[in-house]
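Asker: Quick one, fold the following:
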Amino acid sequence: MRILLDCDVLLDIALQRAPHFDCSSLLLDWAERNPGKCAIAWHTFSNIIYLCDRKARMFVEELLEFAEIPETNTESMRLALEIGMTDLEDAMQVAAAEKFDAQIIATRNIKDYAKSPIKAMTPSNILPLLEI
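Answerer: Have a look, this model is predicted:
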């Protein structure tokens, strides 16, 4: 299974946000044990650094040890604009997920992904599929 991790899932871990930390952390543990099976959109990293303190740089460096960053381009941005999603940042996540051939986008923001061609699921709903 190939999964794109949305920014909110990573922020749950970086900021240790309860009650979401545990499931998000288990999903990230799976990703670390399965290099190449998860991706993070390029722009997510700037969001993490911006929203967290300087310690986030170390978190980002650790993510780069096992997570892929899909190569997005002009075509990807056009797709994001054409999907018809209200939130452009979420549409950009979808475009990155498409480039990665992800089957699932891991997010807690399911309702905003209603128009996504890639299924969005919460970490708690993904974990049973991974047999964790």
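Asker: can you tell me which residues contact Leu51?
Answerer: For Leu51, the set of contacting residues under the criterion of Cβ atoms under 8 Å, 6 or more residues apart in numbering consists of 11, 15. Just so you know, the C-beta spots here come from the backbone N, C-alpha and C atoms, and that holds for glycine as well.
Asker: let's see 7 Å
Answerer: When contacts are counted by Cβ atoms under 7 Å, 6 or more residues apart in numbering, Leu51 touches Leu11.
Asker: Could you number the chain from 452 rather than 1 from now on?
Answerer: Renumbered: residue one is now 452, and that last one reads Leu502.
Asker: What confidence value was assigned to it?
Answerer: According to the prediction, Leu502 has pLDDT 87.
Asker: try Lys506
Answerer: Lys506 carries a pLDDT value of 76.
Asker: which SSE is Ile556 in?
Answerer: strand 555-557 (DSSP states H and E).
Asker: Name every strand pairing with that strand and say which way it goes.
Answerer: Looking at strand 555-557 with DSSP bridges, its paired strands and their directions are strand 454-456 (parallel), strand 570-572 (parallel).
Asker: What mean pLDDT does that strand get?
Answerer: Here the average pLDDT along strand 555-557 is 98.
Asker: Not counting it itself, show me its contacts.
Answerer: Surrounding strand 555-557, the residues in contact under the criterion Cβ under 7 Å, 6+ apart are 452, 454-457, 460, 478, 544-545, 548, 564, 567, 569-572, 574, 577.
Asker: Give me the buried entries from the residues you listed.
Answerer: For the contacts of strand 555-557, burial is judged from neighbour counts taken by 16 or more other Cβ atoms under 10 Å, and it is met by 454-457, 460, 478, 544-545, 548, 564, 567, 569, 571-572, 574, 577.
Asker: What ranges does this structure have for its helices?
Answerer: Secondary structure of the chain (DSSP state H): helices at 458-465, 472-484, 493-502, 507-514, 525-533, 539-551, 574-577.
Asker: Of the buried ones among the contacts of strand 555-557, which is the nearest to Glu526?
Answerer: Checking those against Glu526 by Cβ to Cβ gives Val545 as the nearest, at 13.2 Å.
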